[in-house]
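Student: quick one, structure for this:
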Amino acid sequence: MSSRQQLYDLLESHWPAIDGLAAVWTEGVGVGEVARRLGADPGSATEVTLADLPVGFEGENIPGDHDGILLIGECGAWTLTLQLQWSDAVEPWALESLSRDGGRAIGVGWSGGSGHRVYYAQDADVVVNSAMTMIPAALSPYTEGLALEPDWEMPGAQGSPVAQMITTCLVIVGRVTGEEISAEWLRAPHTRYVIPGNA
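Tutor: Modelled structure (predicted):
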């Protein structure tokens, strides 16, 4: 495993359907309040691990194609939300809501065809909504010793530039929040919520 893509590889090892993901860390806001601000149904709250995310999704409880699926848990002093269907959590309105009242929210997101992006909001103001191919100025204090992979044609034996780019952004997130995403977080139970979609 290349250390330059280790956080991407960590995510992929716990969630193989990593071709699409939105993740946002919220400062000073608890799990239930994060879910509320994202429009999740409080009655859908269920304790599961990432590996057991589909548990309980049978019969009438199967989420619709337009429903958002969240896994939310404490991550150090911040609250981490993984969105595994749709990407409401990194929409501007969501970042504004999550960071209001003097807070901060930082996120990453990607899905097939829509590019890879990094987000940063402070006090309900989205100050970064940028492609991962560049390091935004607002996050430059957290980037010492880091560089995004410029060679998108590198041989596969040297690793994946996309995985390295995502890892670099996740390292920046860890520097902002004080704690990188970890195997322990990915294996622990957190609270799953559903955001009702509009069919």
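
Student: so which helix or strand takes in Gly73?
Tutor: Per DSSP states H and E: Gly73 is located in strand 68-75.

Student: give me the contacts around the next helix or strand after that strand.
Tutor: Going down the chain from strand 68-75, the next helix or strand is strand 78-85, by DSSP H and E. Contacts with strand 78-85, where a contact means CB atoms under 8 Å, 6 or more residues apart in numbering, come from 15, 17, 21-31, 34, 38, 50, 53, 63, 67-74, 89-90, 177-179, 181, 185. The way it works is simple: take the backbone N, C-alpha and C, and place the C-beta from them, glycine included.

Student: so how do I select the buried members of those residues in ChimeraX?
Tutor: Applied in ChimeraX, the following selects the buried portion of these according to 16 or more other CB atoms under 10 Å:
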select :15,21,22,23,24,25,26,27,29,31,34,38,50,53,63,67,68,69,70,71,72,73,89,90,177,179,181,185
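
Student: which members of the contacts of strand 78-85 are positioned in strands?
Tutor: 21-27, 68-74 (DSSP state E).

Student: nearest to Ala163, of those residues?
Tutor: Using CB to CB, Leu21 comes nearest to Ala163 of those, at 12.6 Å.

Student: pLDDT score for the closest one?
Tutor: With respect to pLDDT, Leu21 scores 88.

Student: list just the nearest of the ones in strands among the contacts of strand 78-85 to Asp101.
Tutor: The nearest member of the ones in strands among the contacts of strand 78-85 to Asp101, counting by CB to CB, is Glu27 at 10.5 Å.

Student: tell me what Ser190 is bridged to.
Tutor: Just so we're on the same page, residue 190 is His rather than Ser. Val48 (DSSP bridges).

Student: and of the ones in strands among the contacts of strand 78-85, the nearest to Arg192?
Tutor: Set against Arg192, the nearest of the ones in strands among the contacts of strand 78-85 by CB to CB is Leu71 (5.4 Å).

Student: measure the closest one to Leu50 for me?
Tutor: For Leu71, the distance to Leu50 equals 6 Å [CB to CB, to the nearest Å].

Student: centroid-nearest residue for this structure?
Tutor: A centroid search over the chain (CA atoms, centre = their mean) returns Ala23, at 0.9 Å, as the residue closest to the centre.

Student: do you know how far that residue is from Thr49?
Tutor: Distance, Ala23 to Thr49, using CB to CB: 16 Å.

Student: tell me which residue of this protein is furthest from the middle?
Tutor: Using CA atoms, centre = their mean, the residue of the chain lying farthest from its centre is Gly59. It sits 28.4 Å away.

Student: what are the buried residues along the helix ranked longest in the chain?
Tutor: As assigned by DSSP state H, the longest helix anywhere in the chain is helix 161-177. For helix 161-177, burial by neighbour count (16+ other CB under 10 Å) applies to 161, 163-177.

Student: relative to Thr133, which of these is nearest.
Tutor: For the buried residues of helix 161-177, the residue nearest Thr133 by CB to CB is Met165; the value is 6.9 Å.

Student: who are the contact partners of the closest residue to the closest one other than its chain neighbours?
Tutor: Distances taken as CB to CB, 6 or more residues apart in numbering place Met132 nearest to Met165, at 5.0 Å, with adjacent residues excluded. Shown in contact with Met132 (CB under 8 Å, 6+ apart): 108, 110, 115-118, 148, 165-166, 168-169.
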